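Engineer: got a predicted structure plus its sequence, pasted below:
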Amino acid sequence: MRKSVSLIAVFLLAGLLAGCGQEPEVTNSNLSEMNVDKYVTLGDYSNISISVEPVEVQQSQWDELTLAVYQSYVTAENGGVTNRAVEEGDIVIIDYAGKKDGVAFEGGTASNANLTIGSGRFIDGFEEGLIGVMPGETVDLNLAFPDDFRNEELAGQPVVFTVTVHFILPAADEMVDSVVAALGVPDVSTVEELRQYVYDYLQESADAGYRYQVQNALMEELLSQCVVDELPESFVDSYHDGIYNSLANVAAGYGVDAETYANTMGMTSEDYVSHFSLLQARQDVLLQAIAIKEQLTVSDEELQEKLEAEAAAAGTTIEELLGSYDREEYRNYVMSEKVMDFLIEKADITTP
């Protein structure tokens with residue numbers, strides 16, 4: 001579910017931002033019914049000037065992602081390099097089992113592991129010992145852990161790694177159409193078509209990134225030129241749950257809790273949620289005031305079309321898409337996007 005979050009923090013937070021509240025007088029669900037003119041004094045937004053750095057697809061990023069996508073589908077039977085020995089810089093797919101005095105030790109065994117020869121990920125002699133090995137061969141590497149190894153039981157101890165090289169991942173100049181055809185991507189069956197597919201994806205992401213930057217810059221200017229008075233406490237509080245859930249989801253992506261993640265920005269989670277709830281509330285009221293002045297509306301038919309399109313794109317139903325949120329909250333999101341489109345069209349946007 002997508003919902004406009006604080007445009008200042010749009011890369012940080014994602015998700016439909018709304019709240020529950022306990023019998024509130026007014027919440028963000030009531031935004032379209034609020035007398036927003038009571039809280040907002042609009043400035044001149046007819047021709048806002050902003051400077052935004054363009055977001056471009058880098059050649060290196062394009063090449064790397066194309067190869068990564070290609071390699072992710074390579075197997076020994078489909079595209080894997082098996083007709084030459086391992087060389088420095090190769091990425092090999094291997095099985096290995098490490099033993100000390102004939103007994104396997106913890107963390108010393110893996111299957112179908114991905115290893116770049118020369119990366120230094122393994123102990124001295126491991127990667128070097130695979131140079132010259134042909135795919136399909138199994139070798140024993142007699143090695144020793146360094147004296148300062150973190151596991152004291154293995155530090156300085158001799159061990160034997162039995163390693164089987166399955167295949168070598170192809171380099172960019174070794175990509176072939178037959179592997180691409182096996183990806184199952186519609187209308188993508190050649191290397192060139194895969195490259196175009198990846199480029200289109202990156203360009204779409206770049207375009208979205210540029211739009212977010214433009215939105216952020218516009219909102220900063222709007223907030224500096226317009227006046228938003230103190231808002232009803234119940235209205236601001238209605239954003240809390242959504243802001244916190246979004247914070248928690250982002251934090252989970254980094255393997256930490258919401259409090260720890262907020263601390264990295266010099267705030268407690270409570271301070272973070274309070275700050276962005278107020279910011280989001282002020283922005284939504286400001287955009288609604290512009291919508292009213294410019295007579296911008298979101299009809300029931302338009303709302304239904306947007307919901308159907310979003311549900312289709314997500315491969316789900318409208319009910320599942322909305323979840324615990326209601327249609328009016330989504331209408332507010334659609335309205336904020338419409339107002340932003342209006343402001344972007346009128347803005348003077350230059351490149352720094």
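Structural biologist: Everything's here; your move.
Engineer: where do the strands of the stretch 251-352 of the chain begin and end?
Structural biologist: 348-350 (DSSP state E, counting those that start in this stretch).
Engineer: show me where pLDDT drops low in it?
Structural biologist: Scanning the stretch 251-352 of the chain for pLDDT under 70 picks out nothing.
Engineer: residue with max distance from the center of the protein?
Structural biologist: Asp101 (45.7 Å; Cα atoms, centre = their mean).
Engineer: what pLDDT does that one get?
Structural biologist: On the pLDDT scale, Asp101 is placed at 93.
Engineer: look up phi and psi at it.
Structural biologist: Main-chain torsions, Asp101, degrees, to the nearest 10: phi 50, psi 40.
Engineer: and the strand ranked longest in the chain, what's buried?
Structural biologist: Using DSSP state E, we find that the single longest strand of the chain is strand 103-116. Using 16 or more other Cβ atoms under 10 Å as the test for burial, strand 103-116 gives 105, 108, 115. No exception for glycine: its C-beta is placed from N, CA and C like everyone else's.
Engineer: show me how far it is from its chain's centre.
Structural biologist: With Cα atoms, centre = their mean, to the nearest Å as the basis, strand 103-116 stands 30 Å off its chain's centre.
Engineer: what average pLDDT does the helix or strand following that strand get?
Structural biologist: On the C-terminal side of strand 103-116, the closest following helix or strand by DSSP states H and E is strand 138-144. For strand 138-144, mean pLDDT rounds to 96.
Engineer: name the strands paired with strand 138-144 and say parallel or antiparallel.
Structural biologist: strand 158-168 (antiparallel) (DSSP bridges).
Engineer: I would like the residues contacting the partner strand, please.
Structural biologist: Strand 158-168 is contacted from outside by 74-76, 80-82, 84, 86, 90-100, 105, 108, 112, 126, 129-130, 133-145, using Cβ atoms under 8 Å, 6 or more residues apart in numbering.
Engineer: if you set the cut-off to 6 Å instead, what comes out?
Structural biologist: Applying Cβ atoms under 6 Å, 6 or more residues apart in numbering, the set of residues contacting strand 158-168 from outside is 76, 80-82, 90, 92-100, 133, 135, 137-144.
Engineer: list phi and psi for the residue nearest to Gln225 when sequence neighbours are not counted.
Structural biologist: Counting by Cβ to Cβ, 6 or more residues apart in numbering, Gln225 lies nearest to Gly43, which is 3.5 Å off, once chain neighbours are set aside. Backbone torsions of Gly43, given as degrees, to the nearest 10, read phi -100, psi -160.
Engineer: wait, isn't Gly43 in contact with Ser224?
Structural biologist: No. The pair Gly43 / Ser224 is not scored as a contact, 8.4 Å apart, by Cβ atoms under 6 Å.
Engineer: more neighbours: those two, which one.
Structural biologist: Gly43 (14 against 9; other Cβ atoms under 10 Å).
Engineer: can you tell me how far the more buried one is from Gln283?
Structural biologist: Look at Gly43 and Gln283: by Cβ to Cβ, to the nearest Å, they are 15 Å apart.
Engineer: now Asp101
Structural biologist: 66 Å.
Engineer: pLDDT score assigned to Thr27?
Structural biologist: 86.
Engineer: excluding covalently adjacent residues, which one is nearest to it?
Structural biologist: Leaving out its chain neighbours, the residue that sits closest to Thr27 by Cβ to Cβ, 6+ apart is Ser238, at 3.5 Å.
Engineer: my guess is that neighbour contacts Asn28, does it?
Structural biologist: Yes. Using Cβ under 6 Å, Ser238 is in contact with Asn28, at 4.9 Å.
Engineer: so what's the residue count around Glu152?
Structural biologist: Glu152, neighbours per other Cβ under 10 Å, totals 9.
Engineer: mind checking what secondary structure it has?
Structural biologist: Three-state assignment for Glu152 (DSSP: H, G, I helix; E, B strand; the rest coil): coil.
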